[in-house]
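> Need coordinates for the following:
(one chain, ligands or ions: 1)
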Amino acid sequence: MLKVLMVTSEANPFAKTGGLADVLGSLPGALNKQGVDARVIMPKYGTISPSLRERIQHKETIYVKISWMNQFCGIEQTECNGVTYYFIDNEHYFKRDGIYGFDDEAERFAFFCRAVLEAISHLDFIPDILHCNDWQTGMIPVLLEAQYRKRYIYENISTMFTIHNLRYQGEFSIPSFKNLFGLGNEYFTSDKLEFYGNASFLKGGLIYSHILTTVSNSYAEEIQDPFFGEGMDGLLRARRHSLHGIVNGIDYNEYNPQSDPFIAYNYNLEALEDKVKNKLALQEELNMPVNGDIPAIGLISRLVDQKGLDLIARVLDDIIGEDLQLYILGTGEHKYERMFQDAAYRYPGKVSANIRFDNGLAHKIYAASDLFLMPSLFEPCGLGQLISLRYGTLPIVRETGGLKDTVLSYNEDTGEGNGFSFTNYNAHDMLFTIKRALQVYKYKDLWSKLQETAIVGDYSWQYSAKKYIDLYSTLKGS
Ligand code: ADP
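Numbers count the residues shown, from 1 in each chain. Presented below is the predicted three-dimensional model:
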């Protein structure tokens, strides 16, 4: 049986800031269903909920060398939805009030990378494939080649690195890398870790992994272009034969309008008319005018530039000028949090700004909204639009990355489509597309037909898990 250890800095339900957690909370189970033994290893954060925390069992204590220090490292373990999750425990690094954003990120994730490699010889599970995800795990393939490869159990481990977002690279000074990892000068040339005078975790992953993947076909193409490449496009062009796009699925148990425990009324394709009851319930909860007919647009997002929020800033008053309600849920850059809070203040009853992370409310908004706005500047895959589709909520997206691959804009001539999209990164193109969607909303039969197309689409992991397995199989023993 193919053994895969997936390494991540976040996974549902233990820790989540974005789509990475959704993927690591659902892909491993989908792989296991298809006959792989996939397990996950991640940091044991202080933010893990007490009910989950008490199920985690201590397995072993080891010490991990980082810089001149020998740091405590607990190896812990639990089962979740049939998947084994291992945890790296060190309270100094991970028992904090958040997951990211501290001053010592280089040291925290340097520790994590080395701890994962050290832990492998204590897990009773020697993987065929180490599947790393995003910059926090990028130094694992480097250390494996530089310092572990010749050791007995590491000889045959292959590596895959998945880019969930190229923008975050884990860039720190070369002296800090040398100090943390004990790597010599030869690793800090421009064909290895050096990156514009610094060094980068991500670049390590991109250079030293056997196979690279990213989370949609379009993003796999786009990142080879300087506009999307975040400075890595040349390297990705050079490695294009090892770079594959595999679109994300969503967790069909968590996101199922028929059984979702967070929403007021469960519904399905046969009882689509019940969806509106969720709108009425949410309007009540958010103190908005209760009216099933008024079109509702949801936006659930990290509030960062990537998500196209400057387009919204440009035309926010025009959007709100339409007959609609806007349900915002997100946290992030102060200017965008303020923008939505201010809009809610100016337009009470039209805009509800919920500036926090709230999984339950997210489910309610997906179920209650008619439309979901996601006008991203770039989008590796995007899960918000997939979840929306599954809830019969039509996405309005910009045609980029995974949004382009998963949303088909409504075509008046053929009647095809499962949402609305626009091509250029232009605020008025977005506004026009929103207005167009609001026009279509008035034709109830047409709207229901588009919702049906959305709901019956397959956004599960079934096909994509198979693609990962095909790639793993090419790697095993290579
Ligand atoms: P990204 O990974 O770039 O943040 P994705 O669309 O891939 O974007 O995934 C975002 C995930 O995080 C979705 O599951 C979305 O519902 C969730 N999410 C984002 N912001 C919030 C929030 N404030 N509260 C609850 N869930 C959120």
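> Surely residue 249 touches residue 29?
No: here residue 249 does not reach residue 29: they are 10.7 Å apart, not a contact under CB atoms under 8 Å. In this view, the C-beta of every residue, glycine as well, is placed from N, C-alpha and C.
> Break the protein into its domains for me.
For the chain, the structural domains run 3-249+462-475, 269-456, going by automatic domain parsing.
> Out of these, which is closest to residue 258?
Residue 258 sits nearest to domain 269-456 of all these, at 8.9 Å, using CB to CB.
> Show me how far that closest one is from its chain's centre.
On the basis of CA atoms, centre = their mean, to the nearest Å, domain 269-456 is displaced by 19 Å from the centre of the chain it belongs to.
> Average pLDDT for that domain, rounded please.
The pLDDT scores in domain 269-456 average 97.
> That domain near the ligand at all?
Yes: contact check for domain 269-456 against the ligand, using CB under 6 Å from any ligand atom: residues in range are 300-302, 329-331, 357-359, 362, 381-384.
> Can you pick out the residue with more neighbours from residue 249 and residue 29?
Under the criterion of other CB atoms under 10 Å, the comparison of residue 249 against residue 29 puts residue 249 first, with 22 against 17.
> Give me the nearest residue to that one, chain neighbours excluded.
Excluding its sequence neighbours, the residue lying closest to residue 249 (CB to CB, 6 or more residues apart in numbering) is residue 461, at 3.4 Å.
> Quick check, the one you found in contact with residue 24.
No: under the criterion of CB under 8 Å, residue 461 lies out of contact with residue 24, with a separation of 11.9 Å.
> show me where pLDDT drops low in the stretch 101-250 of the chain?
By pLDDT under 70, the stretch 101-250 of the chain contains no weakly predicted segment.
> helix/strand/coil for residue 257?
coil (DSSP: H, G, I helix; E, B strand; the rest coil).
> Next, work out how far apart it and the ligand are.
Using CB to the nearest ligand atom, to the nearest Å, we find residue 257 at a distance of 14 Å from the ligand.
> With residue 242 instead?
Between residue 242 and the ligand the distance is 24 Å, computed by CB to the nearest ligand atom.
> dump the residue contacts of that residue.
210, 211, 212 (CB atoms under 8 Å, 6 or more residues apart in numbering).
> again, only using 6 Å
Remark: with contacts taken as CB atoms under 6 Å, 6 or more residues apart in numbering, residue 242 is in contact with 211, 212.
> ok, residues contacting the host helix or strand of residue 365?
Residue 365 belongs to helix 359-368 when assigned by DSSP states H and E. Applying CB under 6 Å, 6+ apart, the contact partners of helix 359-368 are 257, 260, 262-263, 278-279, 282, 298, 300, 327, 329, 387-388, 391, 393.
> One more: stretch 432-443?
Against stretch 432-443 from outside (CB under 6 Å, 6+ apart): 295, 322, 371, 396, 420, 422, 447.
> Among those residues, which one is most surrounded by other residues?
Highest neighbour count within the contacts of stretch 432-443, by other CB under 10 Å: residue 396, with 26 neighbours.
> List the pairing partners of the helix or strand hosting that one within its sheet, with orientation.
When secondary structure is defined using DSSP H and E, the element that contains residue 396 is strand 394-398. Applying DSSP bridges to the sheet, strand 394-398 is found paired with strand 371-374 (parallel), strand 420-422 (parallel).
> pull the CA atoms of the following helix or strand past it into PDB?
Once strand 394-398 ends, the next helix or strand along the chain (criterion: DSSP H and E) is helix 401-406. Extracted in PDB, the C-alpha atoms of helix 401-406 (Å, rounded to 0.1, in the frame of the first residue of the first chain):
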ATOM      1  CA  GLY A 401      -6.800  30.500 -11.800                       C
ATOM      2  CA  GLY A 402      -9.200  28.000 -10.300                       C
ATOM      3  CA  LEU A 403     -12.100  30.400 -10.600                       C
ATOM      4  CA  LYS A 404     -11.700  30.200 -14.400                       C
ATOM      5  CA  ASP A 405     -11.500  26.400 -14.300                       C
ATOM      6  CA  THR A 406     -14.600  25.900 -12.100                       C
END
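> rewinding a little: what's the farthest-apart pair in the contacts of stretch 432-443?
Maximum pairwise distance among these (CB to CB): 19.3 Å, between 422 and 447.
> hmm, which two among the contacts of helix 359-368 are most spread apart?
Maximum pairwise distance among the contacts of helix 359-368 (CB to CB): 17.7 Å, between 257 and 329.
> what's the closest of the contacts of stretch 432-443 to the ligand?
Distances from these to the ligand were compared by CB to the nearest ligand atom; the smallest belongs to residue 396, at 14.1 Å.
> Would you quantify the distance from residue 329 to residue 464?
Residue 329 sits 26 Å away from residue 464, taking CB to CB, to the nearest Å as the criterion.
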